[in-house]
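Visitor: curious how this folds, go ahead:
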Amino acid sequence: MTSQKDILVAAFQAALAAANPLNIVPPHLPPPPKGRTLVVGGGKAAAAMAKAVEDNWPPAAPLSGLVVTRYQHSLPLTRIDVIEASHPLPDGRGAEAARQMLVAIQQLTESDLLLVLLSGGGSSLLALPVDGITLNELRAVTKALLSCGAPIQEINTVRKHLTRFSGGQVAALSKAPVHALILSDVVGDDPTHIASGPCAPDPSSYADALALLQHYRLDPSLAVAAHLQYGIRGDIPDTPKPNEPVLHHVRNRVIASASTSLHAAQTWLEQQGVHVINLGEIEGEARDVAHAHAEMLRRQMAIMAKPVALLSGGETTVTVRNAHGHGGRNTEYLLALGLASQDLPRVWAIACDTDGIDGTEENAGAIWTPNTLLRAHAAGFNAVDCLEANDAYALFSLLDDLVITGPTRTNVNDFRLALIT
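Guide: You can find the predicted model right below:
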């Protein structure tokens, strides 16, 4: 008999399969051009996307390129180079890879093709600072934004105005037609927000970026503040905006997203006789989302006639209260959900990041069982204290309830499933 834990894990695996670049990239590849094809890009799925291109590109058609992915996410390729770099804070390897890509893009002609492979994580992996700003200054701004609970769209608004490989700037450099294939890791699947939109028009401005830093009471370096002020005054050009002719030769195509994976998981669950309430993509503070889901579970228990599942994706945020805690937004959500629903006797849940890494540790996420709190108490853990310390990882690790997949080489954001049996 299939256990509840097996159901949770199998549903997550169905979601991952629906976002596997080796399966989803080939149907969207453009025909080879008269000239050569240059492949560039970055993200947690970049190596797998590049492999899918290599495996399905005509052997006689010229193909070369460079993509950058997170450490330990590479794959062996022959025609496209892969460089590993740091995420979520950028490092020099990613910046140098981005610089090399920009140089190669400027050498293309109108008879060539620029094929851009983008996925979640690309903003940090391709973070080449603008002139006058150091990588350390860019890292400091990124770290501050990640810690204050800002949503990814706002974080990327700032990064677009501090980096050179974002906000439509890549596509604007190319004389060749640009074809961007994108795995979405943001709610709404807008290409301008995925990997900071290297090939998409940017509706935001320098003034927007500065206003966000002020809103979150962040104090950037003098160089960062000066650069944004130069942009506001018009001393330096802004990123390409919607309907600008410089981007008329560009095609952005989102080929997978959270909704794709959620639908695959829903189909699998319904085949097991589970009634699924698909909440779609959700944003918000992880604890707040967890409390809202606990209330939904409570209402469902009063009316359910068969197993019911709450399914959701998207990306929550965590306001870090304890810099020494371990974990990520999924374990934080899961522990908060368990505490908020502890009066409900038959709740099982899983929360994982589809890239295989939740926050600061090696796990994709974790699993909640009806006896998690009892086992935690027996082991000497106070679950409330763990949550307040942003240390959910410690609790789930001790109970052997972590979900560890290793790098999945895809990224369509979070997967959350709460099951009432």
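
Visitor: over to Y333. Which of the three states is it?
Guide: Classification of Y333 by DSSP: H, G, I helix; E, B strand; the rest coil places it in helix.

Visitor: mind listing the strands for this structure?
Guide: Counting by DSSP state E, one finds strands in the chain at the ranges 37-42, 63-70, 80-85, 113-118, 178-183, 250-256, 275-285, 308-317, 347-353, 365-368, 402-403, 414-420.

Visitor: contacts for the longest one next, please.
Guide: Defining contact as CB atoms under 8 Å, 6 or more residues apart in numbering, one finds that strand 275-285 is touched by 149, 151, 187-188, 258-259, 262-263, 266, 269-270, 289, 293, 296, 300, 304, 306-319, 413. All C-beta spots, glycine's among them, are computed from the backbone N, C-alpha and C.

Visitor: can you list the strands that it pairs with?
Guide: Strands that pair with strand 275-285, judged by DSSP bridges, come out as strand 308-317 (parallel).

Visitor: repeat for the first one
Guide: According to DSSP bridges, strand 37-42 has the following sheet partners: strand 63-70 (parallel), strand 113-118 (parallel).

Visitor: buried set for the longest one?
Guide: Within strand 63-70, the residues scored as buried using 16 or more other CB atoms under 10 Å are 63, 65-70.

Visitor: identify the residue nearest A61 in space, chain neighbours excluded?
Guide: P32 (3.8 Å; CB to CB, 6 or more residues apart in numbering).

Visitor: the strands of the chain into JSON lines, with extra columns for mean pLDDT and distance to G231?
Guide: Shown next, in JSON lines, are the strands of the chain (pLDDT from 0 to 100; distance: least, CB to CB, whole Å):
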{"stretch": "strand 37-42", "mean pLDDT": "98", "distance to G231": "24"}
{"stretch": "strand 63-70", "mean pLDDT": "98", "distance to G231": "26"}
{"stretch": "strand 80-85", "mean pLDDT": "98", "distance to G231": "26"}
{"stretch": "strand 113-118", "mean pLDDT": "98", "distance to G231": "24"}
{"stretch": "strand 178-183", "mean pLDDT": "98", "distance to G231": "24"}
{"stretch": "strand 250-256", "mean pLDDT": "97", "distance to G231": "23"}
{"stretch": "strand 275-285", "mean pLDDT": "94", "distance to G231": "27"}
{"stretch": "strand 308-317", "mean pLDDT": "94", "distance to G231": "26"}
{"stretch": "strand 347-353", "mean pLDDT": "97", "distance to G231": "33"}
{"stretch": "strand 365-368", "mean pLDDT": "98", "distance to G231": "39"}
{"stretch": "strand 402-403", "mean pLDDT": "98", "distance to G231": "43"}
{"stretch": "strand 414-420", "mean pLDDT": "96", "distance to G231": "33"}
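
Visitor: of all the ones you listed, which one is nearest L218?
Guide: In terms of CB to CB, the element of those nearest to L218 is strand 308-317, at 15.1 Å.

Visitor: returning to that earlier point: and the residue nearest to A61, how many neighbours?
Guide: Neighbour count of P32, defined by other CB atoms under 10 Å: 16.

Visitor: hmm, W57 and it touching each other?
Guide: Yes - here P32 reaches W57: they are 7.2 Å apart, a contact under CB atoms under 8 Å.

Visitor: overlap in contacts of the two?
Guide: With CB under 8 Å, 6+ apart as the test, P32 and W57 both reach L63.

Visitor: and P31, how far from A61?
Guide: Distance, P31 to A61, using CB to CB, to the nearest Å: 9 Å.

Visitor: next one: R346
Guide: 56 Å.

Visitor: also Q72?
Guide: Taking CB to CB, one finds Q72 at 31 Å from A61.

Visitor: how about A366?
Guide: Taken as CB to CB, the span from A366 to A61 is 45 Å.

Visitor: and if you look at V308?
Guide: 51 Å.

Visitor: which of these two has more neighbours?
Guide: Each of V308 and A61 has its neighbours counted (other CB under 10 Å); V308 has more, 19 against 13.

Visitor: report the beta-bridge partners for that one.
Guide: Under the criterion used (DSSP bridges), V308 bridges to H275, I420.

Visitor: ok, the one 4 residues further on next?
Guide: When bridges are assigned using DSSP bridges, the partners listed for S312 are R416.

Visitor: my guess is it meets R416, correct?
Guide: Yes - between S312 and R416 there is a contact at 4.7 Å, judged by CB under 8 Å.

Visitor: need the contact list for the residue nearest to G327 when sequence neighbours are not counted.
Guide: Nearest-residue entry for G327: Y393, 3.5 Å, with adjacent residues in sequence omitted and distances by CB to CB, 6+ apart. Y393 makes contact with 325-328, 331, 359-361, 363, 366, 402, according to CB under 8 Å, 6+ apart.

Visitor: can you tell me which of the residues you listed are in helices?
Guide: T331 (DSSP state H).

Visitor: how about a markdown table for the strands of the chain, with distance to N23 added?
Guide: Listed next are the strands of the chain as a markdown table, based on distance: least, CB to CB, whole Å:
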| stretch | distance to N23 |
| --- | --- |
| strand 37-42 | 18 |
| strand 63-70 | 18 |
| strand 80-85 | 18 |
| strand 113-118 | 15 |
| strand 178-183 | 12 |
| strand 250-256 | 9 |
| strand 275-285 | 21 |
| strand 308-317 | 19 |
| strand 347-353 | 20 |
| strand 365-368 | 23 |
| strand 402-403 | 22 |
| strand 414-420 | 18 |
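
Visitor: where does this protein dip in pLDDT?
Guide: Counting by pLDDT under 70, the chain has low-confidence residues at 1-2, 305, 322-324.

Visitor: longest single helix anywhere in it?
Guide: helix 286-303.

Visitor: buried sites along it?
Guide: Buried-residue list, helix 286-303, by 16+ other CB under 10 Å: 286-287, 289-290, 293-294, 296-297, 300-301.

Visitor: excluding its backbone neighbours, what's nearest L311?
Guide: N278 (4.9 Å).
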